[in-house]
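**Q** Provided below are the primary sequence and the corresponding predicted coordinates.
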Amino acid sequence: MATRRSGAATPYHHGALRQALIDATEQLLAARGVEGFSLREVARQVGVSPAAALHHFGSAAGLLTEVAILGFEELTRFQREGSAAGRTPTERLHGKGLGYVRFALTYPARFLLMFRKDMLAPDSRLDDAGRAAYRELEEAVREYVGRTDGPLGAADQALLMGAWSAVHGCAHLALEGKFGNGQAGGDAFMAQILPEMLRQLFPERPRPKRGKAE
């Protein structure tokens with residue numbers, strides 16, 4: 001069991017050290033960005049040796065993968081919360097798009113890490129978490145086009161790819177300050193530009209009329 005280098009009397013519990021390393025990684029990513037990550041620095045901040053961190057995660061990529069898995073789980077939650085108040089399929093699709101970008105602006109370093117396959121370790125849990133987050137958007141598009149089961153046709157598949165490209169691309173552009181710098185720029189983008197863009201790309205669809213009873 002790893003102990004703090006500072007000589008603290010109480011050693012880390014196995015689970016507590018694991019969570020402390022994840023928390024320290026998130027803090028370091030937020031402060032320095034993805035390229036500034038260092039396993040040695042994370043271990044130093046927690047007060048353990050790099051070997052103790054490797055014991056839990058196997059490698060630096062293993063530790064980053066745990067953070068990425070948590071990121072995809074949060075992305076799923078943000079999308080669900082974004083669509084919760086939607087009254088129509090269109091509003092729910094817009095809400096999930098807003099939730100997607102809101103997550104990126106809330107956790108920029110985590111968002112950028114999640115799609116850096118070169119920094120992550122192969123892990124079925126990462127694949128599952130990524131698919132779950134993508135499925136939120138897919139389900140919203142399916143509802144929008146009225147195709148809740150079965151394979152999507154080519155046109156609807158293209159619409160899904162367009163929706164993902166739109167929100168993912170906007171997230172990156174917003175993080176780069178292309179829609180205005182600072183908190184004010186991000187707030188204005190989320191409140192005005194992105195909702196209008198989603199309305200233009202995915203307008204409200206008329207509900208199909210029910211046939212009269214014979």
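**A** Thanks, I have it.
**Q** can you pull the pLDDT of residue 19?
**A** Looking at residue 19, its pLDDT is 93.
**Q** list the residues that contact the residue nearest the centre of the chain.
**A** Centroid-nearest residue in the chain, with C-alpha atoms, centre = their mean: residue 75, separated by 3.5 Å. Contacts for residue 75 (C-beta atoms under 8 Å, 6 or more residues apart in numbering) come out as 100, 103, 111, 114, 133. (Glycine included, C-beta is placed from N, CA and C.)
**Q** can you tell me the closest non-neighbouring residue to the third one?
**A** In other words, residue 111. Using C-beta to C-beta, 6 or more residues apart in numbering and skipping residues adjacent in sequence, the residue nearest residue 111 is residue 104, 4.2 Å away.
**Q** neighbours around that neighbour, how many?
**A** 24 (other C-beta atoms under 10 Å).
**Q** can I get the lowest-mean-pLDDT helix or strand in the chain in CSV, CA atoms only?
**A** When the helices and strands of the chain are scored by mean pLDDT, DSSP states H and E, helix 182-188 comes last with a mean of 80. C-alpha atoms of helix 182-188 as CSV (Å, rounded to 0.1, in the frame of the first residue of the first chain):
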residue,chain,number,x,y,z
GLY,A,182,-13.3,34.4,-22.2
GLN,A,183,-16.4,33.5,-20.2
ALA,A,184,-18.5,36.2,-21.9
GLY,A,185,-17.7,34.9,-25.3
GLY,A,186,-18.6,31.4,-24.4
ASP,A,187,-21.8,32.4,-22.7
ALA,A,188,-22.9,34.5,-25.7
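**Q** secondary structure class for the spatially closest residue to residue 59 that is not a sequence neighbour?
**A** Closest residue to residue 59 apart from its sequence neighbours, by C-beta to C-beta, 6+ apart: residue 121 at 6.5 Å. Three-state call for residue 121 (DSSP: H, G, I helix; E, B strand; the rest coil): coil.
**Q** looking at residue 121 now. What's its pLDDT?
**A** 96.
**Q** list the residues that contact it.
**A** Each residue near residue 121 by C-beta under 8 Å, 6+ apart is listed here: 58-59, 61-62, 64-65.
**Q** then residue 133?
**A** 72-73, 75-76, 79.
**Q** mean confidence score for the helix or strand containing it?
**A** Using DSSP states H and E, residue 133 falls within helix 124-145. Averaged across helix 124-145, pLDDT comes to 97.
**Q** same thing with stretch 29-47?
**A** Stretch 29-47 comes out with an average pLDDT of 93.
**Q** which ones are touching residue 198?
**A** Counting by C-beta under 8 Å, 6+ apart, residue 198 touches 93-94, 97-98, 166.
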